[in-house]
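Novice: Predicted model and sequence below, questions to follow.
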Amino acid sequence: MRLLAVVFIAMATVMACGCMDSMNDGAGAPTPGAMPTAEPVPAAPTAPSYPTAEPLPTYRPVQNITPVPPDANDPIIGTWRWSDANNNVSIYQFNADGTFQRRDEDRNMTVYLGVWERKGPDTYFLIYNTPTPGVSIETITYHPAASRMARGPDVYTRV
């Protein structure tokens, strides 16, 4: 019974001091000196969204990236001299591993490195670096009867 009396007196003292006012259902102003109520936690900020004019880049794996090695007996393997109607001359060295070098005879001996691939019975595709625009892509045709190659009016003769 004594315990009940002590609890009753403690509760009466707390209520008389106004400590219980801030623990109501949220209505009314808190009493000075009362226990503060918990503030609501703000939601986490969301990432800003930026308008885009184009879709964002997406990873797409490349298919069929394993090149077929050239035939070691391919007819273009070797050294060729290229010339055009303006008498510009370049030397092309086609290698059996699908690479080639081009050296310009009349343009400060500039050397270009590239790769070649057979695209048809007598058609070849060349890709190589150049100072401008940076990459050159050419299609050349091999003429077996004449043992020469051509790209439009330009002629390649075996050296």
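Specialist: Looks like it came in fine. Residues are numbered from 1 along each chain as shown.
Novice: Could you give the bridge partners of residue 151?
Specialist: residue 154 (DSSP bridges).
Novice: for residue 140, same thing?
Specialist: residue 124.
Novice: and if you look at residue 103?
Specialist: Residues in beta-bridge contact with residue 103 (DSSP bridges): residue 91, residue 111.
Novice: Can you tell me how far it is from residue 123?
Specialist: Residue 103 sits 24 Å away from residue 123 when distances are taken as CB to CB, to the nearest Å. (Glycine included, C-beta is placed from N, CA and C.)
Novice: Please apply the same query to residue 151.
Specialist: Applying CB to CB to residue 151 and residue 123 gives a distance of 11 Å.
Novice: Neighbour count: these two, which is higher?
Specialist: residue 151 (15 against 12; other CB atoms under 10 Å).
Novice: low-confidence ranges in this structure?
Specialist: 1-38, 47-69, 107 (pLDDT under 70).
Novice: Surely residue 101 touches residue 92?
Specialist: Yes. Contact status for residue 101 versus residue 92: in contact at 7.4 Å, counting by CB atoms under 8 Å.
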